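S.K.: how does the following fold in three dimensions:
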Amino acid sequence: MTMFADIHAAVLAALDNMTATGHLPAGLDMRAVAVEPPRDAAHGDMATNAAMVLAKPAGMNPREIATALAETLLQDPRIASAEVAGPGFLNLRLTADAWRSVVAAILAQGTQYGRSQMGQGRRINVEYVSANPTGPLHVGHTRGAVFGDALARLLDFTGHDVTREYYINDGGAQVDVLARSVYLRYLEAHGQEVAFADGTYPGDYLIAVGQALKEKVGDAYLGKDEAVWLTEIRDFATDLMMELIREDLASLGVAMDVFYSEKSLYGTGRIEAALGDLRGKGLIYEGVLEPPKGKTPEDWEPREQTLFKSTDFGDDVDRPVMKSDGAWTYFAPDIAYHFDKISRGYDELIDIFGADHGGYVKRMKAAVAALSGNRVPLDIKLMQLVRLKRGDQELKMSKRAGTFVTLRDVVEMVGADVTRFVMLTRKNDAPLDFDVDKVREQSKHNPVFYVQYAHARIQSVLRKGAELGVMPGGAEDLGAISDPAELALVAKLAHWPRLVESAAEAHEPHRIAFYLYELASDFHALWNKGNGAPQLRFLQEDDPATSRGKFAMISAVAIVISNGLGILGVRPAEKM
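M.R.: Presented below is the predicted three-dimensional model:
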């Protein structure tokens, strides 16, 4: 249990008591009764909507219910005051002892504090990165990789059974372009002069691939027609590119559970099976689409095509799955891939796409709804662009890649921990400026440093205390937590479990980063107050009992910071 859950339980128990004593009619549905922070912190520590949601079904005035509920709740030793506000909201203030009990609970639970079983029994597939296997990952992929990994960690923290998945886009024309580009590097490895035409990949990362191909096949492909070598080089190059991508992800601390090949869908009957399922439901037909307004998309043809009735599931237009020449559209294998996910028994699917895939959202949601009979929800998160900067200068080029800054470039510049945290300092659908110089600053304007520094400061105090024989205390020492600023810091810790669940429910791991920054800010503010008010200093060298109580408080802060950074995939700093 957590403090908010405890008080919510107390409110429900009070309502049950009011029912038993005749103050409320029997049989009321209590599911909408909530206990939350008030909109204005000046109004109290918590607020409940109980009177508001029960008034109509009870046939009573909400203020009448709230007044009676307040009288009942004031019998609870944790409730210091209960005030009726507005039309019937009830604002609650807790006693200092109630807040101190939060510290004891955190120390008892340790790494488990904030963990939840809200997702118990639910299997979720999180697909992210899924970049074309044609080169190293770039800075945009970095944001999707961090977001996806943090979201998977958050869902795992809240009890979900999570699968991390990468969809290898190895079935399209881009891998043929890769093969032709590698062939040029192969010729180069044999001492020939080559020129990279538009549309090929000129990055230096393919030099080693061309050399490796030479070592494998010697001169077997020299002077040979493309038909001889295209398939073999394509497979060879794709495998090496995926090794490179795995290494890129590992440098960021990202590991996938499943790598799923698009190519495995072709010639295996999987695409036909998925479309057969839709056809059996009357959702596939032959027809001609109206010409779209504005720019004509690639998959529109002014002639009869095989179409999916995606408009039955909220899409703007029906979508082609097969062209008039019998070739699959890009959408067809994506349908088959999601059909495979559904068949694996997931309760929920999450796809993390780049912002340039925004036009795919409605059609993929429609496909999953149709294939699963509306049983399996699909949440699609779009990653907006990242602008990598050094001061006022935007960084756009990389020798390794030729045309873009790679994930590995970013990690080598600032480190994996900094990269991960900064990528989560904005909501996924907002553009992100990543200033390489700014994230190296040791100031409150650098959120990574600010949070890490809070944890390091706490460890420093605890180490000094240990040298003096002073350790974090138990319940008998918590009376030392008495200043309003200290109690406010503890109250912030009490919000952690609730914040975790709300972030997981919304699929928004950036909320964890925001919370940690706020918690660190409150801790640093309390530290600074101790400079002018000695009684607020955590180590009171002439008063071990007070020190033990304050050490317990800051140890609880360190636990929450460590747990939160763990969700983000960032290591807590012991020293700085």
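
S.K.: what packs against the helix or strand of the chain with the lowest mean pLDDT?
M.R.: Sorting the helices and strands of the chain by mean pLDDT, DSSP states H and E puts strand 393-394 at the bottom, at a mean of 86. Applying 3 or more Cβ pairs under 8 Å, 6 or more residues apart in numbering; DSSP states H and E, we find strand 393-394 packed against no helix or strand. (C-beta placed from N, C-alpha, C; glycine too.)

S.K.: please parse this protein into its domains.
M.R.: The record assigns the chain these domain ranges, following automatic domain parsing: 3-94, 173-251, 447-568.

S.K.: how about V35, phi and psi?
M.R.: phi -130, psi 120 (degrees, to the nearest 10).

S.K.: ugh, wrong one, R164
M.R.: According to degrees, to the nearest 10, R164 has phi -100, psi 120.

S.K.: returning to that earlier point: out of the domains of the chain, which gets nearest to V162?
M.R.: Across the domains of the chain, V162 has its closest neighbour in domain 447-568 (10.6 Å, Cβ to Cβ).

S.K.: related to what we said a few turns ago, chain center to the least confident helix or strand of the chain: distance?
M.R.: Mean-position distance between strand 393-394 and its chain equals 28 Å (Cα atoms, centre = their mean, to the nearest Å).

S.K.: name the helices or strands packed onto the strand or helix carrying L388?
M.R.: Element membership of L388 [criterion: DSSP states H and E] is strand 386-390. On a contact count with 3+ Cβ pairs under 8 Å, 6+ apart, strand 386-390 meets helix 139-157, strand 432-435.

S.K.: which residues of the stretch 151-300 of the chain fall in strands?
M.R.: 161-168, 258-261, 284-287 (DSSP state E, counting those that start in this stretch).

S.K.: those: which one's closest to N49?
M.R.: That would be, of the strands of the stretch 151-300 of the chain and by Cβ to Cβ, strand 161-168, which comes in at 32.5 Å.

S.K.: can you list the strands that the closest one pairs with?
M.R.: Within its sheet, strand 161-168 is paired with strand 123-127 (parallel), strand 258-261 (parallel), according to DSSP bridges.

S.K.: so what secondary structure elements neighbour whichever strand or helix holds Q109?
M.R.: Assigned by DSSP H and E, Q109 belongs to helix 96-109. The contact analysis (3+ Cβ pairs under 8 Å, 6+ apart) places helix 96-109 against helix 3-20, helix 484-494, helix 544-568.

S.K.: and these, which is most packed in?
M.R.: Among the helices and strands packed on helix 96-109, the stretch with the highest mean neighbour count (mean count of other Cβ atoms under 10 Å) is helix 544-568, at a mean of 23.

S.K.: and the angle from that helix to helix 139-157?
M.R.: If you take axes from the mean of the first three to the mean of the last three Cα atoms, to 10 degrees, helix 544-568 sits at 120 degrees to helix 139-157.

S.K.: packing partners for helix 544-568?
M.R.: Applying 3+ Cβ pairs under 8 Å, 6+ apart, one finds that helix 544-568 makes contact with helix 96-109, helix 139-157, helix 416-423, helix 447-467, helix 484-494, helix 496-506, helix 510-532.

S.K.: ok and it relative to helix 496-506, angle-wise?
M.R.: Computed by the same axes, to 10 degrees, the angle separating helix 544-568 from helix 496-506 equals 10 degrees.

S.K.: hang on, the earlier thing: looking at the helices and strands packed on helix 96-109, which is closest to R511?
M.R.: Nearest to R511, of the helices and strands packed on helix 96-109 and by Cβ to Cβ, is helix 544-568 at 10.1 Å.

S.K.: distance from the chain centre to the closest one, please.
M.R.: 24 Å.

S.K.: do the same with stretch 232-245
M.R.: With Cα atoms, centre = their mean, you get 29 Å for stretch 232-245.

S.K.: still on that earlier bit, got CSV for the helices and strands packed on helix 544-568, with distance to A573 and mean pLDDT too?
M.R.: Formatted as CSV, those follow (distance: least, Cβ to Cβ, whole Å; pLDDT from 0 to 100):
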stretch, distance to A573, mean pLDDT
helix 96-109, 20, 97
helix 139-157, 18, 97
helix 416-423, 9, 96
helix 447-467, 4, 96
helix 484-494, 19, 97
helix 496-506, 19, 97
helix 510-532, 11, 97
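
S.K.: can you tell me what sits against stretch 57-71?
M.R.: Under the contact criterion Cβ atoms under 8 Å, 6 or more residues apart in numbering, stretch 57-71 has outside partners 11, 14-15, 18, 23-25, 28-29, 48, 50-52, 54-55, 82-84, 87-90.

S.K.: likewise for stretch 387-400?
M.R.: For stretch 387-400, contacts defined as Cβ under 8 Å, 6+ apart pick out 136, 139, 203-205, 403-406, 408-410, 431-437.

S.K.: please apply the same query to stretch 200-219.
M.R.: 134-136, 177-178, 180-190, 196, 221, 233, 236-237, 240-241, 244, 399-403.

S.K.: what subset of these is buried?
M.R.: Using 16 or more other Cβ atoms under 10 Å as the burial test, the contacts of stretch 200-219 include 134-136, 177-178, 180-189, 221, 233, 236-237, 240-241, 244, 401-402 as buried.

S.K.: partners of L349 in the sheet?
M.R.: N125, L378.

S.K.: which ones are touching the residue most central in space within the chain?
M.R.: Geometric centre of the chain, nearest residue: L151, 2.8 Å, by Cα atoms, centre = their mean. L151 makes contacts with V126, Y128, I350, I352, K381, H507, P509, as judged by Cβ under 8 Å, 6+ apart.
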